[in-house]
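>>> Turn this into a model:
(chains A, B, C and D, ligands or ions: 4)
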Amino acid sequence: MTSPSVTEQERPEAAPAAVRRTLRERLQQFLAFASLIVIFAFFSIVSPNFFNYGNVTNILFSTVVIGLLALGTTFVIITGGIDLSIGTGMALCAVISGVLIVDAGLPLPLGVLGAILFGGLIGLINGLNVSVLGLPPFIATLAMMLVAQGLALVLSDSTPIYFDQTPGYIDLSTGSLIPGANFPNAVLILAVVAVLAGVLLNKTVLGRYTYSIGSNEEATALSGIDVRRWKIIIYTLAGLFTGLAGVMISARLGSAQPATGMGYELQAIAAVVIGGTSLAGGKGSIVGTVIGALIISVLNNGLQIMSIPQEWQNVILGCVILLAVYADMARKRASP
Amino acid sequence: MTSPSVTEQERPEAAPAAVRRTLRERLQQFLAFASLIVIFAFFSIVSPNFFNYGNVTNILFSTVVIGLLALGTTFVIITGGIDLSIGTGMALCAVISGVLIVDAGLPLPLGVLGAILFGGLIGLINGLNVSVLGLPPFIATLAMMLVAQGLALVLSDSTPIYFDQTPGYIDLSTGSLIPGANFPNAVLILAVVAVLAGVLLNKTVLGRYTYSIGSNEEATALSGIDVRRWKIIIYTLAGLFTGLAGVMISARLGSAQPATGMGYELQAIAAVVIGGTSLAGGKGSIVGTVIGALIISVLNNGLQIMSIPQEWQNVILGCVILLAVYADMARKRASP
Amino acid sequence: MSEPLLLEARGVGKSFPGVRALQDMHIELRRGEVLALVGENGAGKSTLMKLLSGIYTPDEGEFFLDGRPLQVSGPKHALEQGISIIHQEFNLMPDLTVAQNIFIGREPRSAGFFLGERTLNARAKELIDRLHLPLDPRQVVGSLTVARQQMVEIAKALSYEAKVLIMDEPTAALNDAEVQVLHDLIRRFRKPDTGVIYISHRMDELKAISDRITVIRDGRYVDTLDTATTSMPEVIARMVGREITSDAEPEGVRPDRETVLSVRGLSTKALLKDVSFELQEGEILGFAGLMGAGRTEVARALVGADPVESGTITLRGELIRITNPAEAAKHRIGYLSEDRKHLGLLLDQDVNANVVLSSIRDLFQSFGFVRSKAMRAKTNELVTSLRIKTPSIDQTVKNLSGGNQQKVVIAKWLVKDCDVLIFDEPTRGIDVGAKEEIYRLLNELAAQGKSIIMISSELPEVLRMSHRIVVMSEGRITGRLSAEEATQESVMHFATLRPDSSDGAAEDSATKAGAR
Amino acid sequence: GGGSSTDAAGGGGGGEQPYIAIVSKGFQHQFWQAVKQGAEQEAAKQNVRITFEGPATEADIEAQVTMLTNALGRQPDVLGFAALDSRAAAPLLQQAKSQNIPVVAFDSGVDSDIPVTTAATDNKAAAAEAAKHMAEALGGTGKVAMVVHDQTSRSGIDRRDGFVEWMKANAPGIEVLQPQYGGGDQAKSADITKAILAANPDVKGIYGSNEGSAIGVVRGVQESGRTGLTVIGFDSGQAQIDAIRGGTMLGAITQNPVGMGEQLVDASVKAMRGESLPKVIDTGFFWYDKSNIDSADIKAVLYQ
Ligand SMILES: Nc1ncnc2c1ncn2[C@@H]1O[C@H](COP(=O)(O)OP(=O)(O)OP(=O)(O)O)[C@@H](O)[C@H]1O
Ligand SMILES: Nc1ncnc2c1ncn2[C@@H]1O[C@H](COP(=O)(O)OP(=O)(O)OP(=O)(O)O)[C@@H](O)[C@H]1O
Ligand SMILES: [Mg+2]
Ligand SMILES: [Mg+2]
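Ligands and ions are numbered 1, 2, ... in the order given. Predicted coordinates:
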């Protein structure tokens, strides 16, 4: 038999043209919003104080920190790794920023840059531990979580560092570039960074290798790609996001709080996973992560706005997360 | 999750004759204690008050709760899953035990049994969500973590339930069966349960399937094994351990504290992973988990005994964990 | 020869814990030739190739490329030196598309960092078309069948435009038609200054494609023969150290058997349309067809691994519903998957755990406690009877050679005693000697009254084993042939039949074929 | 009462009933539950509606700020607020002011002039009182250890420093060991206590800075089988009351959380009516031990 008759045997799946696929993808992405929209609609109906400019900005505002952490850790999780150090690492970066700007009196931009780069340093160390020492990411970043927590207290002398001498710093978060509309800069920054992350993940070599490593690390290495180097880069990248999150939270609170941070990592990872990224690696998207983060903060806000008794809030939160993720999966299964 | 296994030294060693293998395994297991022993020896030298009957029992005693949680979750992690609900689930079981024994006035054994079974119920629900609904374990158990936390507060009216009317309950933990020697029963219970877990994992069909599912779920299913059913069983099993942990902590505190529990899951998982169990599934051991749990509590105790400033304790803890795990891995690679 | 050899290995040795994989091995690849490398399972072929491609470093010995000494420091370096390899086990990223897999590490970029996805897909399309491969650049590799994944590997390897192309059992997953395509590709690839090392257990194709054949046994060099002047039996004799009679006939063909399993109108969303057939007690029913014909899907649907849209399954007269493989197992129906790495093996468990996996509960437990002595005994028994080459039954399966891994999968199903066994590509990657062994075992099973469905892409194998043959095309059954009706031609006729015409047409054409 | 707002459906201040949103420093801990209880009692009395919420730990400052934001989103008539970090909350207090929502601070001072009044107690002075009793009990000499619930939160710092500073100033004979922090977790505090006792067999007294820490200390002492130690606690709760009755604990400082809750709501109602209020309402603290534990005025300030 000759080649043409083999191509005859093409199976249905092989057929669909690129056009149809991208269309479906768009639809998929839109539908992914479904759960979020449903939840949002529900609260808008049941509570008069939910759906209004003020409260919606509140929701977005409260998404910023978790959102930034989630964005960074999305890359790590797609490689099949995990980063537990983002929470306390964020606190440490906040303290660093305080030390640089308040104590050392560096100019704002430098201080901010320094804090972000310090985050990168944390990530770099994680990356080295994971890919050079070959430690399990869980252990490497767990250790870093503890170290960062301790250092934050040490460097800050266990007391908050206040930025009230540098109002410009606080404006980074609560100020509003858009004159009049009091729309917090923090949200703008989150939006910009999310877009950047999206480009990075979908349109660059870095993103391609992120997926590739998570999909089959060994095969990626055999294809002549320096997996170790790229993993270091990816963890460092996540670290930069941590640093930025540290800046944003300290800007919001007008102070670097050395004791905060613990627990943020779980929320961030939850946002990523709710967004459809698999902890097994290879699959995931920035859009998903953003949606995941929004789902969490919309739920928190809505339940508080409805002034549900606090002990019930977690119960409901848990159930809704289950439903949301299940619905999303069912949908994915359904659409061929 | 580890770096590409294309380089030889990373390939697991071939084991010649069965006899020699079991021999080496023993050696391995013994050597696995190495880090623990080193740490232990270190503290014994630097602090005169570390190595004595009283303090060693303290260490063992403080290992009980984390140890029990870690034992149960070892099974789940070997299947490639994870259980975040063990911490707050434990608190909920403690409350249940309080409700049954103090409020409902059930006889001790019944109440204890009820609390443990309730833990099993939590696990069962996790198992159903994971294998019937096919939710990612992280999400399913995260949701359960939130729900359990809320329910613990609701059922206890956010106030502790005290067992002071039933001293027998408290003896479960602090009492001492061995007359004279003030050796807490809790430690005995942990020991017995650890042995049971070991037998379960190494000598039974359940254990075999736990490993199989973890190393290739699809292949296991295609081999005619009812993976769904076994996963449900395994999560339920983990739940029973959670229930027991709930009983033991409330017995120790003489009260069911609805607000505790959060954060225990991370410590338990850390113990498991430090013990050499891979979050990727397929690998792990009970001995390892016990060692992991001991390493954590020895470190905590030792650093406190040396009265290191608290903020430094975490820093050191992090670094030592890194070293311990790295040493263990290096050893495994080295041993032919 | 005046000009230096293209590639040469001298006195190469490599050991693994408990295993001497290679010793004093040498191999000579001339310019413009296709050198076949043959040897039993575990002989050391793949190891040699892994040394050449820098995955392992040799304990001793040296390599020369164009007469110049060559130390390969790693996969990347090997590629840079112009050595491209298709490994026996796939090395693909299931979550990436075909195009992304082919050009991984060589993506067209702008500003060195941003991806030109359009160009990427265009290039991939261009390559795929040039190679006449039935692939869509944008398809996610994880959703492809084994055969198509193999094609992606081939396309990837060829895309490097290498000097030396190494192919480790590239046709194990292919059927004759696709083998032809691959051979055409190789012929086109071969140029005066390039060379191919070709590993295969399919003797028939060696004649077709190779210029010389190097035989190795137990990690040692045996001989190199000119293909033209050698007969296959000679090669085989050199390889396994004894004569193999491979032109046997199906055994114990009888029409008067009672029906065990009867499948009616089986259809799936994905592919299958109204598949009906009977399986009789003690018979071997061959399933033939081109890739994508749907044989694997029939098997998967039968054991409940994939959802069924419609159709009935009757076992010994009673209607049964099977929604997952566990239920199939309860009905004593077993399925050996064609994809050993992903669906067959627990790669990081030992041989023992793999062999007993499916039968622990029936055979090796009392009150839930495993009887490890009995297990180990049974496993050892199979390791010897299948001649699985492993230092011990405690060896991690990942460390076994491809063919020996396949034997482990087969062993798993031989231990579990099923009434109905479905073998999907059972001899994939198994050497001729061992194949005969497995054929013998299958015949024995059949003789014991077990009913076997044998899906195979190697037509000679189907013809040699099957009491009856079902031929599929595009998800339908296009022909049913008895042992004597069945010939290469008749099977191919139905395999390539477009089932657009009604089933009736397929039926009567079947009778026509019978008449022929 | 779990349901902190039985008739809260939909929230909103639009209802005929005046609405007071209370954002506390914590929620799950007994102390805050007692404050909540007091607030609810008073609310029932004054026929106002309240909501009471607080973050899981005193480190969750961002969570508290978000809660405050959402509380303002519900447009309450008055805002009751116990700041984890008052400066971190400053912008929101400004917002409350601009929305003409009077703010009543409680538990610890909000250093800002926006709150119309502050219903609080002086943690430092309370801790000093604990130190005084410790020094007396030990006759002015010996090693004293402290298990503190938190090293960064206001209450943790004040209850630590108040104790240490008083000792420095008034009891030169007493050596205060490096404070250890148990996060208010009873089990952890118990383990810490045992470690301390193992490390310093000559410890004479231990001070626990809140309910969880104090009970942890008591458990730790019991489990280690040591006797003759002077244990001084903080806050109340049944376990501590029992410990004092049983003699394992000498005594403890309690604030008046229930009273604080009542004062908070009462002041809020007054603020709503525009009545004038003192800048500070001292809700006070009390030393209680075997001798006075059953007296009416102590009973009144203890929670079970
Ligand atoms: N990583 C490894 N660790 C231990 N032993 C190994 C490893 N790789 C290969 N071996 C052993 O080396 C021997 C040669 O293996 P190799 O894969 O080269 O055989 P092969 O000729 O390719 O066989 P097949 O035809 O089945 O692919 C086998 O006995 C195998 O068990
Ligand atoms: N792993 C898979 N993922 C998605 N679809 C699959 C998979 N396996 C099989 N299919 C579908 O089933 C069809 C038939 O599968 P397959 O190609 O295995 O048939 P076959 O006749 O067994 O051919 P071969 O086994 O030689 O590849 C494929 O064309 C494909 O549509
Ligand atoms: Mg091979
Ligand atoms: Mg197939």
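>>> Going by C-alpha atoms from here, please, whenever you check contacts or count neighbours.
Fine.
>>> Check the secondary structure at residue 243 for me.
I went with chain A, as the question did not name one. helix (DSSP: H, G, I helix; E, B strand; the rest coil).
>>> measure it to residue A:154 for me?
Using Cα to Cα, to the nearest Å, residue A:243 is found at 18 Å from residue A:154.
>>> Who has more neighbours out of the two?
residue A:243 (34 against 19; other Cα atoms under 10 Å in any protein chain shown).
>>> How about the residues of chain C by chain A?
Residues of chain C that fall close to chain A, judged by Cα under 8 Å from any Cα of the partner chain: C:55, C:74-77, C:79, C:91-96, C:104-105, C:107, C:109, C:113-116, C:132-136, C:138-139, C:177-178, C:180-181, C:271, C:290-293, C:474, C:496.
>>> which stretches of the chain form strands?
Unless you meant another one, I'm taking chain A. Counting by DSSP state E, the segments of chain A that form strands are A:161-162, A:255-256.
>>> that's the wrong chain, I wanted chain D
All strands of chain D, identified by DSSP E, fall at D:19-23, D:49-53, D:78-81, D:103-107, D:117-120, D:142-148, D:174-176, D:180-181, D:203-208, D:230-234, D:251-255, D:280-282, D:285-289.
>>> Can you tell me which residue of the stretch 51-200 of chain C sits closest to ligand 3?
Nearest residue of the stretch 51-200 of chain C to ligand 3 (Cα to the ion) works out as residue C:88 at 5.9 Å.
>>> That residue: neighbouring residues, count only.
Under the neighbour criterion other Cα under 10 Å, residue C:88 is assigned a count of 21.
>>> Wasn't it part of a strand?
No: using three-state DSSP, the secondary structure at residue C:88 is coil, not a strand.
>>> tell me the contacts of it?
Residue C:88 makes contact with C:46, C:167-170, C:402, according to Cα atoms under 8 Å, 6 or more residues apart in numbering or on different chains.
>>> try 7 Å
Applying Cα atoms under 7 Å, 6 or more residues apart in numbering or on different chains to residue C:88 gives the contacts C:168-169.
>>> how much space between residue C:308 and residue C:325?
Distance of residue C:308 to residue C:325, given as Cα to Cα: 13 Å.
>>> Same question for residue D:212.
The spacing between residue D:212 and residue C:325, counted by Cα to Cα, is 53 Å.
>>> So those two - more neighbours on which side?
Each of residue D:212 and residue C:325 has its neighbours counted (other Cα under 10 Å); residue D:212 has more, 31 against 27.
>>> so what's the residue lying closest to that one once chain neighbours are set aside up against?
Spatial nearest neighbour of residue D:212, chain neighbours left out: residue D:184 (4.5 Å); criterion: Cα to Cα, 6 or more residues apart in numbering or on different chains. By Cα under 7 Å, 6+ apart, the contact set of residue D:184 is D:149, D:210, D:212-213.
>>> what's the most distant pair in these?
D:149 and D:212 (7.4 Å; Cα to Cα).
>>> Tell me how many other residues surround residue A:299.
By other Cα under 10 Å, neighbour count at residue A:299 equals 22.
>>> Which residue, neighbours along the chain excluded, lies closest to it?
Closest to residue A:299 by Cα to Cα, 6+ apart is residue A:317, at 6.7 Å.
>>> What degree of burial does that neighbour show, as a neighbour count?
21.
>>> distance of it from residue D:261?
On the measure of Cα to Cα, residue A:317 and residue D:261 end up 28 Å apart.
>>> Repeat that for residue D:96.
Note on residue D:96: its distance to residue D:261, by Cα to Cα, is 21 Å.
>>> higher neighbour count, those two?
Neighbour count, other Cα under 10 Å: between residue D:96 and residue D:261, residue D:261 has more, with 29 against 22.
>>> Might you report the residue contacts of that one?
Residue D:261 sits next to D:35-36, D:38-39 when contact means Cα under 7 Å, 6+ apart.
>>> show me where the stretch 201-336 of chain A has helices.
A:205-215, A:217-222, A:227-253, A:264-274, A:286-305, A:310-334 (DSSP state H, counting those that start in this stretch).
>>> helices or strands up against the fourth one?
For helix A:264-274, the helices and strands in contact under the criterion 3 or more Cα pairs under 7 Å, 6 or more residues apart in numbering or on different chains; DSSP states H and E are helix A:53-78, helix A:86-98, helix A:286-305.
>>> hmm, back to that, just the closest of the contacts of residue D:184 to ligand 1, please.
Closest to ligand 1 out of those is residue D:149 (53.9 Å), distances taken as Cα to the nearest ligand atom.
>>> That closest one and residue D:209 touch, don't they?
Yes: taking contacts as Cα atoms under 7 Å, residue D:149 lies within contact range of residue D:209: 6.1 Å.
>>> For the two, indicate the residue with more neighbours.
residue D:209 (33 against 28).
>>> Stretch D:43-50: how far from the chain's middle?
23 Å (Cα atoms, centre = their mean, to the nearest Å).
>>> Pull out the buried positions in it.
Residues D:43, D:48-50 are the ones in stretch D:43-50 that count as buried (16 or more other Cα atoms under 10 Å in any protein chain shown).
>>> I'd like the distance between the residue in chain D positioned nearest to ligand 2 and residue C:20.
Distance from ligand 2 to each residue of chain D (Cα to the nearest ligand atom) is smallest for residue D:63, at 45.9 Å. Remark: distance between residue D:63 and residue C:20 (Cα to Cα) = 63 Å.
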